[in-house]
Every structure is written in C-alpha cells, then in structure tokens.
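Participant: no sequence on hand, only this structure:
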C-alpha cells in the first residue's frame, strides 16, 4: 500500500441514534462536522463504503445518516466500527502540524542521539497532546508532552523524533 492509499481513521460509530437508521458518530477530524467532506468513508478492511450526512450534534459526537443504513438494527450492527479514508484525501498540513497516524511508529531519540523507543500512541486527555513511548530498555512506557520545548524535532521523512523532555521525566536521568 502506498502512503497515498494508506487508510487513516477519521471516526468511529457508537451505535444507533433513534429508530430510522441514524448513527452516533465520534469524529476524529479537527472540526468534527468536516468528516462528511471526506466521504465515502470505508471500514478498515474496505468491505463497506458509506456516504455520510451529519444530521445533528450530540453530547459526545454527532448524529449522522450513512448510505444504505435505514433502520435501528442496521445502525446498531455497526457499533464499534471505525471509519477510514485514504491518506491522499486528507488536506495538506502547515509546517509543525502532524497527523497522529504519521507519528505512531516513529523512532524517538534524546538530544544526545540515544534511542529511547518508538511512539506507541498519541494521547490527548484535554490538556494537550502526549507521546507514549515504548522502548526495549524501558520498564514502562514514558509519556512526553508533545510541545515544541519537549519535542524540538519531528522529521517525518526520516521517521525520527528528537525529544528534550522536562527534567525527571526519563527514568534514571
């Protein structure tokens, strides 16, 4: 699969909303309503494809209609389904902006050139993005704030990140 056709998760279905086939949709796009602009949306294995119309806002997401889904049972059957688009359908980013999926798997080095591990996940619990790093020499994963100060270098082309984490964040340092 080429980078342009790499599938990027843009949302997830949380079951039915009402009895006429609408779904509860959690959007992972920066503006939640924009998820409809990337349609058709695919399931992970590509066996289903949906056009989408956002019909309303809910407490933890959106209400939406998916093509081919006309009743509550069909909508409930999709609960937990993640929705994807090919990478080349996503907009280009500004400098110092990154898609989470591009960061996962990148090798992380400290400022001395020592390899710490790989990005396992990018987390956000409301206070900002955090890189979860797993490494062979780490007893537990480490969490590094994804700020310009703590992560001065992100080289997408070479798949490497350089971190200068706050004092005391790295074990044994």
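Facilitator: Done, it's in. What you see is a predicted model; the values in this text were computed from it and never measured.
Participant: for the helix ranked longest in the chain, which outside residues touch it?
Facilitator: Criterion DSSP state H: the longest helix present in the chain is helix 72-77. Contacts of helix 72-77 with the rest of the structure, by CB atoms under 8 Å, 6 or more residues apart in numbering, involve 13, 15-23, 66, 68-69. Where C-beta positions appear, they are placed from N, C-alpha and C, glycine not excepted.
Participant: what do you get for stretch 14-24?
Facilitator: So stretch 14-24 is contacted by 13, 25-26, 55, 58, 60-66, 69-76, 78-80 (CB under 8 Å, 6+ apart).
Participant: filter the residues you listed down to the buried ones, PyMOL style.
Facilitator: Command for PyMOL that selects the buried part of the contacts of stretch 14-24, burial taken from 16 or more other CB atoms under 10 Å:
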select buried, resi 13+25+26+61+62+63+64+65+66+69+72+75+78
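Participant: and residue 56, what element?
Facilitator: strand 52-58 (DSSP states H and E).
Participant: partner strands of that strand, with direction?
Facilitator: Strand pairing for strand 52-58, using DSSP bridges, gives strand 61-66 (antiparallel).
Participant: now do the partner strand: distance to the chain's middle.
Facilitator: A distance of 19 Å separates the centroid of the chain from that of strand 61-66, by CA atoms, centre = their mean, to the nearest Å.
Participant: likewise stretch 14-31?
Facilitator: That offset, for stretch 14-31, works out to 17 Å (CA atoms, centre = their mean).
Participant: and the contacts of helix 72-77, which of them are buried?
Facilitator: Counted by 16+ other CB under 10 Å, those give 13, 16, 17, 21, 22, 23, 66, 69 as buried.
Participant: quick check: the residue nearest to the spatial centre of the chain vs residue 119, distance?
Facilitator: Among the residues of the chain, the one closest to the centroid is residue 100, at 5.1 Å (CA atoms, centre = their mean). From residue 100 across to residue 119, the span is 9 Å (CB to CB, to the nearest Å).
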